[in-house]
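*Asks:* Coordinates for the following, if possible.
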Amino acid sequence: MSTQKASEKTERLDLRGLMCPEPVLRTKKVLDGKPQGAVEVLVDSDINVMNLTRLANSLGLVLESQHGNEGYTVVIKDKKTLEHSHDLPAPEKAMQSSDETTKHAEKNAKATTVVFIAKDTFGEGDRDFSLNLMNVFLQTILQAGHRPQAILLANTGVRLMDPDSSVIKVLNEFKAAGVNVFACGLCVEFYGLQEKIEKEQITNMFAICEYLFSADKIISP
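*Replies:* Numbers count the residues shown, from 1 in each chain. Okay, the predicted model is just below:
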């Protein structure tokens, strides 16, 4: 009976085919309504699963996912619901990072800085020189010991995460130092970089806006 009751309370969303960040926005709208049971979301890519995982982490919820013929089934629950529900047979735990959860919990405890880069050059002028300036800018932040909460890249800024970019080395050093380095998924797709950027570093516009609105300081070269 308990399994049946949990199933009856499950709210289901079919968000396949929607462009980023629509799946996250629609899921958050349902979660904001404080559903009594689980929310089951059907999406069509693992990037959507990662975006939903970040959303669940930020809200203190638990997420499980399973890949099937129709796409990815994601179930989001609070911990109390999880203890009494078995909606997914042999569920596969989503790519859930305890470090990322900790960062969300800590971000309100201290002042936070976000670096937002919306183009692949530092200012205007000679392109090669401006690209070099961007590298110098990021290297200076790193070597000065500053550790922003996140470096967010959008529009042509996502090109900096191309493995052939002159800036990729310093971005990887930031990542190794515990800084979140994320690229806008819509921009990654537009510029054809899906196969070049690690999926766990691709996010959505909703998450980018959440970082920007919660930051105490935003730096945008």
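*Asks:* ok, Ile197 - contacts?
*Replies:* 158, 161-162, 183, 188 (CB atoms under 8 Å, 6 or more residues apart in numbering). All C-beta atoms are positioned from the backbone trio N, CA, C, and that covers glycine.
*Asks:* again, but for Pro163
*Replies:* Contact partners of Pro163, counting by CB under 8 Å, 6+ apart, are Lys196.
*Asks:* what's the answer for Thr27, then?
*Replies:* Neighbour list for Thr27: 13, 15, 39, 41, 52, 55, 76 [criterion: CB under 8 Å, 6+ apart].
*Asks:* Take these and keep only those in strands.
*Replies:* Counting by DSSP state E, these place 13, 39, 41, 76 in strands.
*Asks:* and the lengthiest helix in the chain, average pLDDT?
*Replies:* Scanning the chain for the helix with the most residues, using DSSP state H, yields helix 127-143. Average pLDDT, helix 127-143: 94.
*Asks:* now stretch 196-205
*Replies:* 93.
*Asks:* Show me the one in the contacts of Ile197 that has more neighbours than the rest.
*Replies:* For the contacts of Ile197, the largest number of neighbours (other CB atoms under 10 Å) sits with Val158, at 30 neighbours.
*Asks:* and it, how far is that from Phe190?
*Replies:* Applying CB to CB, to the nearest Å, the value for Val158 to Phe190 is 9 Å.
*Asks:* likewise Cys184?
*Replies:* The spacing between Cys184 and Phe190, counted by CB to CB, is 9 Å.
*Asks:* Enumerate every residue touching the closest residue to Pro35 other than its chain neighbours.
*Replies:* Once flanking residues are discounted, Pro35 sits nearest to Glu11: 5.2 Å by CB to CB, 6 or more residues apart in numbering. The contact partners of Glu11, by CB under 8 Å, 6+ apart, come to 30, 35, 37-40.
*Asks:* cool, and Ala177?
*Replies:* 142, 147.
*Asks:* Ok, the one 5 residues further on next?
*Replies:* Counting by CB under 8 Å, 6+ apart, Phe182 makes contact with 150-153, 201-203, 207-208.
*Asks:* redo that, cut-off 6 Å
*Replies:* 152, 201, 203 (CB atoms under 6 Å, 6 or more residues apart in numbering).
*Asks:* ok, the residues you listed vs Leu63, which is closest?
*Replies:* Checking those against Leu63 by CB to CB gives Thr203 as the nearest, at 15.6 Å.
*Asks:* Can you tell me how far the closest one is from Cys187?
*Replies:* Using CB to CB, Thr203 is found at 10 Å from Cys187.
*Asks:* What is the neighbour count of the residue nearest to Met134 when sequence neighbours are not counted?
*Replies:* In space, and not counting its chain neighbours, Met134 is closest to Phe122: 4.2 Å by CB to CB, 6+ apart. For Phe122, the count of nearby residues is 18 (other CB under 10 Å).
*Asks:* How is the protein divided into domains?
*Replies:* Domain segmentation of the chain under automatic domain parsing yields 2-104, 113-219.
*Asks:* need the contact list for Thr113.
*Replies:* Thr113 neighbours (CB under 6 Å, 6+ apart): 148, 217.
*Asks:* partners of it in the sheet?
*Replies:* Beta bridges link Thr113 to Lys217, judged by DSSP bridges.
*Asks:* Give me the pLDDT for it.
*Replies:* pLDDT for Thr113: 95.
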